[in-house]
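*Asks:* Provide a 3D model corresponding to the input given below.
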Amino acid sequence: MKERASRRQFLIAAGGAAAGFGLASVLHARPAGATPAEMQDAIRKVVGPARVSTGKVTLDLPPLVENGNAVPITVRVESPMTQADHVRAIHVFTEKNPQPDVVSFRLGLRAGRASVATRIRLADTQTVLAICELSDGSFWSGGASVVVTLAACLEEG
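*Replies:* All right, here's what the predicted structure looks like:
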């Protein structure tokens, strides 16, 4: 019995120390983020000198999220997805995450429709932008703003 009691005491003490360390690191953490200028640089790396037009892209994400760790996002692009007119890629960018280029999806004709859905982490209240590349080489965009009450993507401060 005595051995079990000391093992239990050790586990309780270790759990308390781990919880205390975790709390201390959260108290000293701050949101890690890029700037809107860094987001523009990331976009330029994808589109180059091409012009990005507004339209054809619908970005669905909740306007208010309690926790930025798993924010649902759906991007839809108006496209017939035919050989002559289809979406080649969809890119998602954020202005305040540590990495402004969040995800890129490559689509083929067999996709059937130009729609993708996933969950992303958001560091703070910000604008999320989706840009699609069409088969004719044009780029189209759509965006949405989201308020995040509990930030994800924290780093030590």
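*Asks:* now the helices for this structure?
*Replies:* 2-27, 36-47 (DSSP state H).
*Asks:* who touches stretch 112-121?
*Replies:* Applying Cβ atoms under 8 Å, 6 or more residues apart in numbering, the contact partners of stretch 112-121 are 68-79, 81, 86-87, 90, 92, 94, 97, 102-103, 105, 107, 128, 132, 152-153. Quick note: C-beta positions are derived from backbone N, CA and C, even for glycine.
*Asks:* swap that for stretch 135-147, sorry
*Replies:* 47, 50-65, 71, 75, 77, 84-88, 122, 125-134.
*Asks:* Which of those fall within strands?
*Replies:* Mapping the contacts of stretch 135-147 onto strands (DSSP state E) picks out 52-54, 57-60, 64-65, 71, 75, 77, 87-88, 126-134.
*Asks:* hmm, who's touching stretch 38-52?
*Replies:* Taking Cβ under 8 Å, 6+ apart as the rule, stretch 38-52 contacts 34, 91, 93-95, 100-101, 104, 129, 131, 133, 137-141.
*Asks:* What does the residue nearest to residue 97 when sequence neighbours are not counted show for phi and psi?
*Replies:* Excluding its sequence neighbours, the residue lying closest to residue 97 (Cβ to Cβ, 6 or more residues apart in numbering) is residue 123, at 4.8 Å. Backbone torsions of residue 123, given as degrees, to the nearest 10, read phi -80, psi -20.
*Asks:* isn't residue 123 right next to residue 99, touching?
*Replies:* No - the pair residue 123 / residue 99 is not scored as a contact, 9.8 Å apart, by Cβ atoms under 8 Å.
*Asks:* where does the protein dip in pLDDT?
*Replies:* The chain contains residues with pLDDT under 70 at 1-33, 153-157.
*Asks:* roughly how far is the top strand by length along the chain from the heart of the chain?
*Replies:* As assigned by DSSP E, the longest strand anywhere in the chain is strand 139-150. Centroid separation for strand 139-150 versus its chain: 10 Å, with Cα atoms, centre = their mean, to the nearest Å.
*Asks:* All set, thanks.
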